[in-house]
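Engineer: Here is my input, please return the structure:
(3 chains)
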Amino acid sequence: MTTVTKEAGAPSPADAGAFLSVRDLHVSFKTEDGIVRAVDGLSFDLERGKTLGIVGESGSGKSVTNLTILGLHSPKFTTVEGEILLEGKELTTARESELEKLRGNKVAMIFQDPLTALSPYYTVGRQIAEPFMKHMGASKKAAWERAVEMLGKVGIPNPKERAKDYPHQFSGGMRQRAMIAMALVCDPDLLIADEPTTALDVTVQAQILDLLNDLQQEFGSAIIFITHDLGVIADMADDIMVMYAGGAIERGTTNQVLRSPQHPYTWGLLNSMPRLDSDLSAALAPIPGAPPSLLTPPSGCRFHPRCTFQDRVGGNRCVTERPPLAPDRASACHLTAEQKRTIFVEEIKPRLG
Amino acid sequence: MLRFLFRRILGSLVILLLLTVVAFLLFFGMPRDPALLMCGKTCTPDALANIHHTLGLDKSIPEQYWIFLQGLVMGRDTFPQGPCPAPCFGYSYHTNEAVWSTLMDRLPLTLSLAFGATIVFLFVGLGTGLVAAWKRGTLVDKSFTAGSMVISSMQIYFLGPLALAILVYQTHIFDEPRYTSLTDNPAAWFTGLLIPWAVLSTIFAAQYTRMARSAMIEQLQEEHVRTARAKGMSRRFVFFRYAWRGSLIPIITILGIDLSSLLGGAIITEYTFGLPGLGRLAVESVQFSDLPLLLGVMIFSAAAILLCNIIVDACYAFIDPRVRLS
Amino acid sequence: MKEDLVLPAPREAATDGAGEPLLVVEGLRKHFPIKGGFPIRRTVGAVQAVDGIDLTVRAGESFGLVGESGCGKSTTGRLITRLLEPTSGTISYRGKDITHAGRKQLAPIRSEIQMIFQDPYSSLNPRQTVGKIISGPMEINGIEPTGGREKRVRELLEIVGLNPEHYNRFPHEFSGGQRQRIGVARALALEPKLIVADEPVSALDVSIQAQVVNLLQKVQQELGIAFLFIAHDLAVVRHFSQRVAVMYLGKVIEVGDRESIYTRPRHPYTHALLSAVPEVNLHDEEAGRRERIRLAGDVPSPISPPSGCRFRTRCWKAQDKCAAQEPPLVRLSGNRDGHLTACHFPEDPTIEGREEDIVLDPALAALEEDIERP
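Structural biologist: Here you go, the predicted structure:
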């Protein structure tokens, strides 16, 4: 379960149990056009061994958040405020050398495109062995053997020979397997997977998703799984956090968020997504408009310019007041709990078929 | 890999052959009679015919070309000046010396100038470029970048005389640049070329500073570099192992072009410092319509360019397994 | 952005011509030569991108072409629009053979077959205004609509849900979804009869993707334009296309009406593909379990595809016959008219959960065995 408090400040005693907790995180970039507020007041918790799915469209801040956890943003152009606590240790102010000890060791990452994310100049085996040597102090030989073992584990046939290959000699699916082997080589407590299957074909995606699920059972890592695909998240996550324009707008268990969503944006996502079992007589119901510019985000609720339910809130609250996101199961919307429930049951659910 | 090299060498030889054809036709097909030049002021029709005969100009152009090619491969002994061993480019009309030995006379200077300067500008240019990239956005980076902009906008014919004026004529710190053979007197070789090296490499180094910096910055933004950081490799390790390897590709491309043009003769540099290298030889041969010599210099520099290209390609294959294994 | 479409009355062709074959493709092949060899480079092989496919697109219908990368679906689109030269086979449009038609012969047909591309960022010239981009096809073909080109462009902008006032803006002033609308407007400029849409929505965010799908659907239904809709997303194709062909390694392995393909597929690959689509189950957890098929490895190289049935190297039903003999694309007993399958050992016509999962991936199988054996 993710538990969340909106308020910034010292973590409550209950937070001691959370393995990773992010508190009121703000990340902004200086660009030529102005300041981009990529993440704007985000808080969430993650427990050991659980999978948190972060869903959002491009520009929602989901990838930036996770690069910031590992300190992989470029510090010169980026301002980070708020707290990122890993086992109670503050990461936003941690020294580079301390972060280096965490990266690839306690916290590992998998990226979207395995072709560009692996170096073309070194063998796959060497790239997997490197973090093992660095973090475990293993010898070159031991690290190479470990790399071969990991390649075998992720399903590369004939791993002893294939470890000597370069990434371009691997197929797309095999590269992503190698990437997973590299991420898991030091048995991390947290694995951050940023759209790991978006660049893959659907049959390969299914293999990789199942592989990640099975490996998680064996390695016991917690996973933050970032994607734009609700179908993928449904397969992977225990809990879901939906992000929009730099903030979380809804969170809960996978079951709660997908089967009784409470936020108009989540409704919009579900309604605009064609499914293999959706009703073909009805047209898709897209969210009108386009995601906002993060240079000048809308006032109040970030979603209000695209929201078709704001007239039911009454007054001007959607435009003037940013709705908070309560802890636990919650959605950041001014509609009352009763309204959310009835709108979903009476207006949204029937459309989903 | 060997096949690839072999194919490249073969291709280069074909290009060279085609080049000789074009050059030969251009020069010997010209309406101007080279024999007139040799004949001098006291020329008689008989003497002219005689020269025509000894130069082989009374034969048809394809025949002449064939003889020329034979000379390149096997040598010729039809010259009045004496036998001309392979590779025979003939004798200079102007100095009456064998073209090949003239080339070989001038080559050591050109090689010394080119390689000496290259070593210096690579060290200085890449070094400052790497420092600038490492310290991107800091004062060091900004001053390096600005400095390299200013210097690379200067030219040899400005910086060269300036250096001579200050270091030689005003302060007498150095002697005037002159070439002494390395084997004769290494110290004199070194001090004599110091100023040309310094001037030449200053200008080149400035360009390599900018190039190395931008190539490194581009590489550091590559996703695989980010992956390496994400697995905990140190900044230094990522910088020198991951980013550096990728930035070598554009650097080597430009280096190949620069080196081959330096080997063909740095004409302005040689004139500025009064050094007799291949570049001056080329200019002189044009001035005196000395066709055998011009042909020789041309083929020689073309060969240098092709050789550099092959070396650059071999370097690509060495650096990038995608090239090597394809 | 405007959601309502203002459409002119449907043209007569939309109702009269529906059902007639508009585009007929027979035995279409495209092999890209591979150069190599030593010491003289020569053609040493071929990427068999498209290797003998038959398709028929009827007037006014939306025909979907699905498959994974390397299956040849995009190449097929480019062959049909004649951006590529076919190696062999025939393409005929309204009864006229255009397989090897030259520039002049193609000119009248080019205006009737238009293309929409995947990437809305690179398929529009950044230096031209939207007005110029959309009126480009009219200019090239020397068409002067009544009321002038500018009026027509404004109409088109309105049809695709953009503000006609934005006539003079440049592509970079628009979002990804709006740019794809500009691409649609450009394709509509010449009143085409067939639009080849190559992954038109796969570069867009989910919420924007639905906007463009709806737009295309309205264009197809209300203007009666036939679509060859090429996509890897099975759910989008199901939503948009009445008939669907599934491609694998340069071949069509199954084709049929939407319902047959999605609920009663017979080819094992179609089964595997459908079971691999990650789906949100919006209802109870237990309701209608789908079958689970996990293939091993990736699609083989189209340079040396497997003999016989191309899917056999990844198929759990493959037998000797599959290697020896290529299965013909035929109607199997029990299938509807027009539902053709190329398989020697077809599956039951259902996608309900099987008794046992099919897990061919060795790593998955090993891990799952470990987990079940505590």
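Engineer: Tell me the spacing between the closest residue to B:Phe27 other than its chain neighbours and B:Gly265.
Structural biologist: Leaving aside its sequence neighbours, B:Phe27 sits nearest to B:Leu291 (CB to CB, 6 or more residues apart in numbering or on different chains; 4.7 Å). For glycine as for every other residue, the C-beta is placed from the backbone atoms N, C-alpha and C. Distance, B:Leu291 to B:Gly265, by CB to CB, to the nearest Å: 18 Å.
Engineer: burial count for the residue of the stretch 101-250 of chain B found nearest chain C?
Structural biologist: Closest approach between the stretch 101-250 of chain B and chain C, counting by CB to the nearest CB: B:Glu223, at 18.5 Å. B:Glu223 is flanked by 17 other residues according to other CB atoms under 10 Å in any protein chain shown.
Engineer: May I ask you to confirm that it is in contact with A:Thr116?
Structural biologist: Yes: assessed by CB atoms under 8 Å, B:Glu223 is found in contact with A:Thr116 at 4.2 Å.
Engineer: Stretch C:274-294 and chain A in contact?
Structural biologist: Yes: judged by CB under 8 Å from any CB of the partner chain, stretch C:274-294 and chain A are in contact via C:Leu274, C:Ser275, C:Ala276, C:Val277, C:Pro278, C:Glu279, C:Val280, C:Asn281, C:Leu282, C:His283, C:Glu285, C:Arg294.
Engineer: Repeat that for stretch C:235-242.
Structural biologist: Yes: Stretch C:235-242 comes into contact with chain A (CB under 8 Å from any CB), by way of C:Ala235, C:Val236, C:Arg238, C:His239.
Engineer: ok, residue 269 - how many residues close by?
Structural biologist: With no chain named, the answer covers chain A. When neighbours are defined as other CB under 10 Å, A:Leu269 has 26 of them.
Engineer: think we crossed wires, I meant chain B
Structural biologist: B:Thr269: 25 surrounding residues under other CB under 10 Å.
Engineer: try A:Thr92
Structural biologist: Number of residues near A:Thr92 (other CB under 10 Å) recorded here: 17.
Engineer: What of A:Met236?
Structural biologist: Residues within reach of A:Met236, counting by other CB under 10 Å, total 25.
Engineer: check contacts around it.
Structural biologist: A:Thr51, A:Gly53, A:Leu209, A:Leu212, A:Asn213, A:Ile223, A:Phe225, A:Thr227 (CB atoms under 8 Å, 6 or more residues apart in numbering or on different chains).
Engineer: In chain C, what residue comes closest to chain A?
Structural biologist: C:Ala363 (2.5 Å).
Engineer: Could you verify my assumption that that residue touches A:Leu151?
Structural biologist: No: counting by CB under 8 Å, C:Ala363 does not reach A:Leu151; the two are 9.7 Å apart.
Engineer: Just want to know which of the two has more residues nearby.
Structural biologist: Comparing C:Ala363 with A:Leu151 by other CB under 10 Å, the one with more neighbours is A:Leu151, at 28 against 22.
Engineer: Chain neighbours aside, what residue packs nearest to that one?
Structural biologist: Closest residue to A:Leu151 apart from its sequence neighbours, by CB to CB, 6+ apart: A:Pro159 at 3.7 Å.
Engineer: quick one: the one you found from C:Leu360, how far?
Structural biologist: To C:Leu360, A:Pro159 is 18 Å away according to CB to CB.
Engineer: Helix or strand for B:Ser181, just tell me which one.
Structural biologist: Per DSSP states H and E: B:Ser181 is located in neither a helix nor a strand.
Engineer: residue contacts, the residue of the stretch 101-250 of chain B closest to chain C?
Structural biologist: Contacts here follow CB under 8 Å, 6+ apart; on that basis B:Glu223 touches A:Phe111, A:Asp113, A:Thr116, A:Ala117.
Engineer: now do 6 Å
Structural biologist: Going by CB atoms under 6 Å, 6 or more residues apart in numbering or on different chains, B:Glu223 touches A:Thr116, A:Ala117.
Engineer: what number of residues lie near A:Gly220?
Structural biologist: Neighbours of A:Gly220 using other CB under 10 Å come to 11.
Engineer: Likewise for C:Gly334?
Structural biologist: Residues contacting C:Gly334 under the criterion other CB under 10 Å number 11.
Engineer: quick one: which helix or strand includes C:Asp54?
Structural biologist: Using DSSP H and E, C:Asp54 maps to strand C:42-58.
Engineer: Now do that strand: which elements does it pack against?
Structural biologist: On a contact count with 3 or more CB pairs under 6 Å, 6 or more residues apart in numbering or on different chains; DSSP states H and E, strand C:42-58 meets strand C:21-36, helix C:73-80.
Engineer: Would you format these as JSON lines with mean neighbour count, distance to chain B and mean pLDDT included?
Structural biologist: As requested, these are exported to JSON lines (neighbours: other CB atoms under 10 Å in any protein chain shown; distance: least, CB to the nearest CB, whole Å; pLDDT from 0 to 100):
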{"stretch": "strand C:21-36", "mean neighbour count": "17", "distance to chain B": "10", "mean pLDDT": "91"}
{"stretch": "helix C:73-80", "mean neighbour count": "24", "distance to chain B": "22", "mean pLDDT": "94"}
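Engineer: Columns distance to chain A on top of these, output as CSV?
Structural biologist: As requested, the helices and strands packed on strand C:42-58 are exported to CSV (distance: least, CB to the nearest CB, whole Å):
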stretch, distance to chain A
strand C:21-36, 17
helix C:73-80, 12
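Engineer: Whatever residue of chain A ends up closest to chain B: what's it in contact with?
Structural biologist: Closest contact between chain A and chain B, by CB to the nearest CB, is at A:Gly104 (3.3 Å). A:Gly104 sits next to A:Pro131, B:Lys231, B:Gly232 when contact means CB under 6 Å, 6+ apart.
Engineer: ok, the nearest residue to the second one once chain neighbours are set aside to C:Leu22 distance?
Structural biologist: Excluding the flanking residues, the one nearest B:Lys231 by CB to CB, 6+ apart is A:Gly104, at 3.3 Å. A:Gly104 sits 56 Å away from C:Leu22, going by CB to CB.
Engineer: can you check A:Asp279 too?
Structural biologist: A:Asp279 sits 28 Å away from C:Leu22, taking CB to CB as the criterion.
Engineer: swap in C:Ala210?
Structural biologist: Taking CB to CB, one finds C:Ala210 at 27 Å from C:Leu22.
Engineer: Briefly note if the host helix or strand of B:Ser214 comes near chain A.
Structural biologist: According to DSSP H and E, B:Ser214 maps onto helix B:186-220. No: using CB under 6 Å from any CB of the partner chain, we find that helix B:186-220 stays clear of chain A, coming within 9.2 Å at best.
Engineer: Kindly provide the whole-number mean pLDDT of the helix or strand just after that helix.
Structural biologist: Downstream of helix B:186-220, the next assigned helix or strand under DSSP H and E is helix B:223-230. Mean pLDDT, helix B:223-230: 94.
Engineer: chain center to helix B:223-230: distance?
Structural biologist: Taking CA atoms, centre = their mean, to the nearest Å, the mean C-alpha location of helix B:223-230 is offset from the chain mean by 39 Å.
Engineer: and if you look at stretch A:214-232?
Structural biologist: Relative to its parent chain, stretch A:214-232 has a centroid offset of 9 Å by CA atoms, centre = their mean.
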